[in-house]
Structures are given as C-alpha cells and as structure tokens.
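Colleague: quick one: sequence and predicted model below, then my questions.
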Amino acid sequence: MKMLKILITILLLTGISQAQQKFTLAIANIIIDESAVSSEIKLISAKDLGMENMLNFLEKYTTIQVDKKVPTVTFKKVSDIEKYPFILISANGPIRFSDLECKNMAEYCKRGGFIFVDDCVYEKTKSPFYHSFKDLMENKIFPGRKAELLPFDHEIYHCHFDLPAGLPYMQGEPAGGWAISDEKGRVMMFLSPADIHCGWFEYEWTALQKKQAFQFMTNLIIYSMTR
C-alpha cells in the first residue's frame, strides 16, 4: 500500500502559570493511506492562516499570552511533549501511529496532558481520519475504553463561551464531540469529526459557524488549563 508522509498540525499550550500563559503552535509528521485521499490534499504548514487567525482570536478574547513561534514535535518520547499541556492533531486521511507512539500519547494524557483530534474533512462529507482515529483511541491508545459522546451541557461547551448546541459543525459528519476521560472525569482526549480548524479560515461558512469555531477552541484550551 502506498503511503504518504504528511504534516499534521499540533497545537501546544506552554508556560502555564497564574502569572502567564503562553500558547505555542507546532507541526509534526504522521503517515496516512494515500489511496484513501485526493491527490489535491492540502497540507497544514507552519504558516497556516487558520492557525494564525485562531491565535489572534485567543489573544484578543482571553488574557492568555500567545507565542507565534511554531516548533516541531513528535510522539516518539514522552519527555519531548510532557511540557506541553495541549496538543491538536489534524489530518484528512486514515491515520497510523506506532505502538510506541500510542503508548506515549496515553502516558502523556495520564500525566495531565490534553489532546484535541480534529478531522480536516475530505471532500466536505467523508471523514476517514475521524473513524480511523476513533478506532485508534479505543483499541491502541486506551485499549478497552470506549469514547463517549459528550452531552450538550458538558462544561467544555460553556466554560468561557456558551455553546448550547455542543460541538459546532463545519462539514463532514454531524456526529458530535467524542471524549476519553480519566477516572476523575477529566477529559484527556477530544475527537471532532466536524472540521473545526477549517472554520478558522475565511471560507464559505456562515458568520455563526466561524464565530463558534473560534469560541469552541477557546473553550477547549481554557478547560484544559483549569481541569
């Protein structure tokens, strides 16, 4: 099977303290099945405009200090990522991580880290990344656990901005937000099939869609900082 190594986006929240919060964007490499995606796949880069827009929104509507530098990290070693409390992974094809990477993601989450997984929807309707990552979550990262659909009244949807309908929908499958939580109920990993990241671009979205895409990500970051 032909494979394509592509860039995925990882968002990192660093320097968390009462005096200063610093939000840092990073990029990492993953492998997807090229046969399942278009040859016109758009790769997310360190100069991604959507991410720049999100960082500007975060800076404007919170007191978080935003770092505009974009480092690169991988899941090869927990020690390389444990200092970053928030990670966003986004791609649009079936995902593959090694057993070691899956083990390290689980350990990172158990140590207090937070991972947001967002499907960059393929051809507006298909979500192969969402389905493959949900399978990965339940069978390799947290084997034996089932992801749970978060209810609309979960604090993630209300901790800063009020999102009464839960996860905003851009495109793909309107399947809601799925989560894996620890024994105390803290969400460690959140999975979205709704292409939240694309909502940060000036695209064909409604004004409400665009606003809620930014608001949701802000809520998610604040939740990860306070739980």
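Modeller: Happy to help now that I have it.

Colleague: C-alpha from now on. contacts and neighbour counts both.
Modeller: Fine.

Colleague: which residues in this structure form strands?
Modeller: Assigned by DSSP state E, the strands in the chain fall at 3-14, 22-33, 65-67, 86-91, 95-96, 114-119, 148-149, 178-181, 187-192.

Colleague: helices and strands of the protein: which one bottoms out on pLDDT?
Modeller: strand 3-14 (a mean of 50; mean pLDDT, DSSP states H and E).

Colleague: give the buried residues for the longest helix along the chain.
Modeller: Criterion DSSP state H: the longest helix present in the chain is helix 207-226. Within helix 207-226, the residues scored as buried using 16 or more other C-alpha atoms under 10 Å are 209-210, 212-225.

Colleague: what does stretch 128-140 give?
Modeller: For stretch 128-140, using 16+ other C-alpha under 10 Å, the buried residues are Pro128, Phe129, Tyr130, His131, Phe133, Lys134, Asp135, Leu136, Met137, Lys140.

Colleague: what average pLDDT does it get?
Modeller: The pLDDT scores in stretch 128-140 average 92.

Colleague: CA atoms only for that stretch - export them in PDB, please.
Modeller: Presented in PDB, the C-alpha positions along stretch 128-140 are these (Å, rounded to 0.1, in the frame of the first residue of the first chain):
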ATOM      1  CA  PRO A 128     -11.800   8.700   7.200                       C
ATOM      2  CA  PHE A 129      -9.500  10.400   9.700                       C
ATOM      3  CA  TYR A 130     -12.200  10.600  12.300                       C
ATOM      4  CA  HIS A 131     -13.100   7.000  12.000                       C
ATOM      5  CA  SER A 132      -9.600   5.700  12.000                       C
ATOM      6  CA  PHE A 133      -8.600   7.800  15.000                       C
ATOM      7  CA  LYS A 134     -11.600   6.800  17.000                       C
ATOM      8  CA  ASP A 135     -10.600   3.200  16.400                       C
ATOM      9  CA  LEU A 136      -7.100   4.000  17.400                       C
ATOM     10  CA  MET A 137      -8.300   5.700  20.600                       C
ATOM     11  CA  GLU A 138     -10.400   2.700  21.700                       C
ATOM     12  CA  ASN A 139      -8.100  -0.100  20.600                       C
ATOM     13  CA  LYS A 140      -4.500   1.100  20.800                       C
END
